[in-house]
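K.L.:
sharing a sequence plus its predicted fold:
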Amino acid sequence: AHEIKNPLTPMRLTVQSFERRFDPEDPKIKEKLKEYSQTLIQQIDVMSSIASAFSDFAKMPTQKREEINVVSVVKLALDIFAEDYILYSFSEDKLIGNLDKTQLIRIVTNLVTNAIQAVEGTKDPKIIVEVLSENDIIKIAVIDNGKGIDDAVKHLIFEPKFTTKSSGMGLGLPMIKKIIEAYSGSISFVSNKNEGTIFTVTLPKN
């Protein structure tokens, strides 16, 4: 349920935002409509891949590999979020990886949704998404200044049956960990109570 709900709220916000801003006289309306459609289609694809994995937790969606620009795909994933405190930083305009576009969007959407939950109630919330290259590795970091994760439960964060509403961590973490590891990548985090959390994903370029 959590995995399915993740894309639903931003999809709803996207539709509401478009409805408010729709102006048939706008000379750029076709361009905006195309961008709006692409945003929704990407999230529908994410939900479709999640549904296909539900029959068996261990059975992940079929892994596809294609050359994608990770910088632009992460931007596409972030476009669905309306929060103005989400910042995007990247070391170069083009970082090519041999990955599944839908699964990468799913990873980013999940981590950012969890970060949004973690900063609820924070005075000046901030989430930074960073993409950078280190030799043959692409690194994606999601940094928040939220409530952090209790030391007592840190070792349980990637457990499939573990849920902690209080720390803002979602049930999707075990599943995206499986996706990342299927690409010989890794996911880790550092967190300090009431200071924030950094999730770091590393993925090989090939």
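P.N.:
Cool, got the structure. Residues are numbered from 1 along each chain as shown.

K.L.:
okay, strands next: where are they in this structure?
P.N.:
Along the chain, counting by DSSP state E, strands occupy 66-69, 86-90, 96-99, 127-134, 137-144, 186-192, 196-204.

K.L.:
what strands line up against the fourth one, and which way round?
P.N.:
Read that as strand 127-134. Strand pairing for strand 127-134, determined by DSSP bridges: strand 86-90 (parallel), strand 137-144 (antiparallel).

K.L.:
check which helices and strands the helix or strand bottoming out on mean pLDDT in the chain sits against.
P.N.:
When the helices and strands of the chain are scored by mean pLDDT, DSSP states H and E, helix 2-21 comes last with a mean of 79. Under the contact criterion of 3 or more CB pairs under 8 Å, 6 or more residues apart in numbering; DSSP states H and E, helix 2-21 touches helix 29-53, helix 101-118. For the C-beta atoms, the positions are set from N, CA and C on the backbone; glycine is no exception.

K.L.:
okay, angle between that helix and helix 101-118 too, please.
P.N.:
90 degrees (axes from the mean of the first three to the mean of the last three CA atoms, to 10 degrees).

K.L.:
what residues sit buried inside helix 2-21?
P.N.:
The neighbour-count check on helix 2-21 (16 or more other CB atoms under 10 Å) flags 3, 6-7, 10-11, 14, 18 as buried.

K.L.:
touching it from outside, list them.
P.N.:
Residues from elsewhere that reach helix 2-21 (CB atoms under 8 Å, 6 or more residues apart in numbering): 32, 36, 39-40, 43-44, 46-47, 50-51, 80-82, 109-110, 113, 170-172, 175.

K.L.:
sorry, back to before: can you add distance to D100 and give the buried residues of helix 2-21 back as a markdown table?
P.N.:
Output for the buried residues of helix 2-21, formatted as a markdown table (distance: CB to CB, whole Å):
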| residue | distance to D100 |
| --- | --- |
| E3 | 16 |
| N6 | 17 |
| P7 | 16 |
| P10 | 20 |
| M11 | 20 |
| T14 | 22 |
| F18 | 27 |
